[in-house]
Structure formats: structure tokens, C-alpha cells
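let's see this in three dimensions:
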Amino acid sequence: MATVTVNGGQQVHFVDFGGDGPPVVLLHSFLMDIDMWEPQVEAFGADYRLIAIDERGHGGTPADAAFDYWDVARDAFGVLDHLGIERAAVIGTSQGGFIALRMALLEPARVTALAVLGTSAEEEAEGTGTVYRHLIAAWNENGPEQLVDGVATFCLGDYEASAWKQKWLKVSGEKFERIMTALVSRDAVLDRVGEIQAPALVLHGSGDNEYPMARAESLAAALPHAEPLVTVVSGAHFLSLTHAAEVNPHLKEFLETHAAGK
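Numbers count the residues shown, from 1 in each chain. Got it, this is the predicted structure:
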């Protein structure tokens, strides 16, 4: 594990798992951290140079001021710069997908391939945003103790989440508000993803409690070089973790074909 200062003074915690294969950046979901990627490191870490990044306000990376996902995309490029990596494939789940799409829009020549899971290129729905703002208030006023079970069910379905709940109990109201505000207030990029020329793969769970399948369908249709949409039956929102056995073969095949770039 390492920490580097990038993007005008932002500290970023990351793990470079090494390996001689093509580099692949791993970007986790909301409230998660690098540990989310253990199933993928085990499944294909020997074949690629996997680089997992703690996004702002998550894991070992602080968030000392307001930020947006464009900032986090620049953080990720800063990590690659630090490692001397010019080009990489990028995989992101949910929030990680927001960041991955923005990386491909900011510096398209540096993203060899793009795989996103349980994500959306659209802004947050108004009703969902209202619910999330109530969640911010409840976390601030009463703490996370009465909320983490619901968050786990919403994001992870019936996946055994006790270790993650213990981590969430340590998230202060101030930090939660900062990271949730970035999520709720993000801009839409669906009208721009047609600019992305990298090969792309969109995976989505039919049991996703956050984004309907229509969002994945719209994203896959808008990406010029997307492979056919992969639907994971009963897949939860954070499906790269909860349904790794179903997801990993698709990711492996996609990386084998596209991670090295042209």
C-alpha cells in the first residue's frame, strides 16, 4: 500500500499489486474501498498489473474539501503518472463507473479499455436525490448505527456484509455528507459518452436496487464501441463483489482482448 500527493495537494491511497501484464485501474463503489476488489485480484491478478485506488473520502484517502468525480478522475491519472504508466484499462463499479467514464472523457488516449458495472451516465433521479439528502441528515443527527443495515441491503443484497458495516460505523457525519454530496450532485455525461472511442463493456444486475436496467441499456447504446450488454441475473448493485463468480469471466475475456490497447 502507498500514498501519493497528486492534483494540487490531494493525498491518494492506492495499492499496486504488481505484475508484468497490462495495467488495469480498479475503482470501487460508494462507501467501499480497495478491499472490494479481492475477488478480481484473486481471479486475474496474476495476468495484469492491477492498481486499486481509494477514492476521495474512502479508505485511506481523505476528502478535506468539497469535490466532484472529475476531481477524482484526475486523482487517478495522478496515481498513474506517479507510477510512470501512460495508458491503462479501467474497471469501475457504481461510483467507480462514474469516475471511469470521466477518465475516458478527460484523457481518452490514456484509457485502453473501459468496463463499468452497476453504474449510470445520467444524473441522480430527483426522488432518489431527496432520499439521499434525508439519509445525510439522519447520519449527521443520529449516527450510522440505525442506517448501515439498510445501506447494506440496498447496495449488497443478501451478501454477507458484516465487515463492511463495521467500516461504515466509523464514517463521521461530516465525511458522509461530503462523499454523498458528490454523488447526489454529479453531472450527467450520457450526452458525451459518444466521444469515448475505447472498447467498452457494461455489466448490470437484474436485482440492482439503485439503477434500473434501462440506465445500463442507455449507456451501452451510447458508447460507440461497447460490447453487448451483460445482464447478471439477480445481480445486486455492487455486483463485482456480490456476484464475482458471474462477473469475472466476462471481465477476464474483455481484458484479454482489449486491455493492452492497439
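
all the helices of the chain, residue numbers only.
All helices of the chain, identified by DSSP state H, fall at 38-44, 69-83, 95-106, 126-142, 148-156, 162-168, 173-184, 213-222, 239-242, 244-258.

which of the residues in the first one are buried?
Meaning helix 38-44. Neighbour counts using 16 or more other Cβ atoms under 10 Å place 39-41, 43-44 of helix 38-44 among the buried residues. Where you see a C-beta, it was placed from the backbone N, CA and C, and this is true even at glycine.

quick one: contacts for the nearest residue to F44 once chain neighbours are set aside?
Spatially, and ignoring its direct neighbours in sequence, F44 is nearest to K252 (5.2 Å; Cβ to Cβ, 6 or more residues apart in numbering). Contacts of K252 were listed using Cβ atoms under 8 Å, 6 or more residues apart in numbering, and they are 43-44, 47.

circling back to that earlier point, buried deepest among the helices of the chain, which one?
Of all the helices of the chain, helix 239-242 has the most neighbours on average by mean count of other Cβ atoms under 10 Å, namely a mean of 28.

what comes into contact with it?
Outside helix 239-242, the residues within contact range by Cβ under 8 Å, 6+ apart are 29, 32, 36-37, 39-40, 91, 93, 117-118, 156-157, 159, 203-205, 208, 232, 235-236, 246-247, 251.

mind doing that once more with 6 Å?
Helix 239-242 has contacts (Cβ atoms under 6 Å, 6 or more residues apart in numbering) with 36, 93, 117-118, 156-157, 159, 205, 232, 236, 247.

can you tell me the closest non-neighbouring residue to the most centrally placed residue in the chain?
In the chain, the C-alpha nearest the mean C-alpha coordinate belongs to G96, at 1.4 Å (Cα atoms, centre = their mean). Closest residue to G96 apart from its sequence neighbours, by Cβ to Cβ, 6+ apart: L27 at 3.1 Å.

so what's the residue count around the one you found?
30 (other Cβ atoms under 10 Å).

isn't it up against Q95?
No. L27 lies out of contact with Q95 (Cβ atoms under 6 Å); the separation is 7.7 Å.

neighbour-wise, give me the winner out of the contacts of helix 239-242.
Result: G118 is most packed of the contacts of helix 239-242 (other Cβ under 10 Å), 33 neighbours.

if we can go back for a sec, OK, contacts around the residue nearest to G96?
If a contact means Cβ under 6 Å, 6+ apart, then L27 has 92, 96, 99-100 as its contacts.

hmm, back to that, F14 is nearest to which of the helices of the chain?
helix 69-83 (5.2 Å; Cβ to Cβ).
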